[in-house]
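Novice: Any chance you could fold what I've pasted below:
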Amino acid sequence: QVQLVESGGGLVQAGGSLRLSCAASGSTFSRYAMGWFRQAPGKEREFVAAITRTGGSTGYADSVKGRFTISRDNAKNTVYLQMNSLKPEDTAVYYCAASSLGYSQFMSSYGYWGQGTQVTVSS
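Specialist: Modelled structure (predicted):
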């Protein structure tokens with residue numbers, strides 16, 4: 001099993017940037033594809049970005065493409081989400097997740113989840 005802990009959330013003005021981190025422990029990090037999801041108040045959790053086990057391939061939701069970048073450092077057991085040009089509609093709790101099944105944009109593929117970190121973007 002793998003345990004995930006997110007950090008880096010906070011309050012930022014529109015147009016600003018934040019970098020989220022997700023530290024993994026308890027298992028071999030490089031065995032897992034990783035993803036970021038988010039859930040805004042009153043809405044369902046949605047896919048944001050994902051990265052393969054080696055970091056060689058990434059994918060993004062259309063709403064964040066060109067603004068967000070997912071990356072990972074397998075030596076540090078950490079996955080990152082760099083968020084630039086933030087908009088009020090990016091306000092949500094952001095979750096990282098690990099998949100032993102490989103790269104996926106579907107929540108059902110992810111068996112391990114962090115507790116989430118709040119991102120609030122003011123206008």
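
Novice: use CA for all of it now, contacts and neighbours both
Specialist: Noted.

Novice: Just the element for residue 50, please.
Specialist: For residue 50, the host element (DSSP states H and E) is strand 46-51.

Novice: Which other helices and strands does that strand contact?
Specialist: strand 33-39, strand 58-60, strand 68-73 (3 or more CA pairs under 8 Å, 6 or more residues apart in numbering; DSSP states H and E).

Novice: The second one - what's its average pLDDT?
Specialist: Right, the one you point to is strand 58-60. Averaging pLDDT along strand 58-60 gives 98.

Novice: So in that sheet, which strands flank that strand, and in what orientation?
Specialist: strand 46-51 (antiparallel) (DSSP bridges).

Novice: between the partner strand and strand 68-73, how many degrees?
Specialist: Counting by axes from the mean of the first three to the mean of the last three CA atoms, to 10 degrees, strand 46-51 lies at 40 degrees to strand 68-73.

Novice: how far out from the middle of the chain is strand 46-51?
Specialist: Centroid separation for strand 46-51 versus its chain: 6 Å, with CA atoms, centre = their mean, to the nearest Å.

Novice: quick one: average confidence on it?
Specialist: The average pLDDT for strand 46-51 rounds to 98.

Novice: how big is the angle separating it from strand 33-39?
Specialist: 160 degrees.

Novice: related to what we said a few turns ago, could you single out the most deeply buried of the helices and strands packed on strand 46-51?
Specialist: Of these, the one with the most neighbours on average (mean count of other CA atoms under 10 Å) is strand 33-39, at a mean of 26.

Novice: Which other helices and strands does that one contact?
Specialist: Packing partners of strand 33-39 (3+ CA pairs under 8 Å, 6+ apart): strand 46-51, strand 92-99.
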